[in-house]
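In: with the input below, show me the fold.
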Amino acid sequence: MNYDQVMEVKTMANKCRTIAIINLICGIVSSIYLAYKLGVEVDIDYRGDLDYDRNWLLTMCIFAGGCFATYMIFVIFVSIAEILDNTSLITSIESTTNSTLNKLENEGRKDDLKKNNGWRCPGCNKINPDYIETCSCGEGKRP
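Out: All right, here's what the predicted structure looks like:
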């Protein structure tokens, strides 16, 4: 990854964190409001008047459910931000590992070539034993 790509990923991670915090604050406030508005029971008395009674169990369940849903969304956004932060690290580790493996593979091929009196295919760089006249890719052995 080049510098511009790394900075773009970091910016996306920061945006995810900002969205997560805004979601958490708005979700808790909304849960309080919904619990306040929906946590009442309305009864009509014998004169036809409305009687509002707070159902505390319903109020607390609405509040807890709203907070739980808000927290789940918060965790998802923070997890995405962490993944984005670690993307550049993973990419650098992958490129280092690939270059190390390529070096080891080339050293191993040179040793195999010397040991077996083999030949290297000009088409695919595969090491073939000396008694093989045509590589698996179709290229023939050149003198």
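In: wasn't D43 part of a strand?
Out: Yes: secondary structure of D43 (DSSP: H, G, I helix; E, B strand; the rest coil): part of a strand.
In: leaving out sequence neighbours, find the closest residue to it.
Out: With Cβ to Cβ, 6 or more residues apart in numbering as the criterion, D43 has its nearest non-adjacent residue at 4.4 Å, and that residue is D51. Placement of C-beta: from N, CA and C, glycine included.
In: distance of the one you found relative to I44?
Out: Distance from D51 to I44, counting by Cβ to Cβ, to the nearest Å: 7 Å.
In: pull the longest helix from this protein.
Out: If you go by DSSP state H, the chain has its longest helix at helix 56-116.
In: packing partners for it?
Out: With contacts defined as 3 or more Cβ pairs under 8 Å, 6 or more residues apart in numbering; DSSP states H and E, the packing partners of helix 56-116 are helix 3-38, strand 119-120, strand 127-128.
In: let's see it at 7 Å
Out: For helix 56-116, the contact count by 3 or more Cβ pairs under 7 Å, 6 or more residues apart in numbering; DSSP states H and E identifies helix 3-38, strand 127-128 as packing neighbours.
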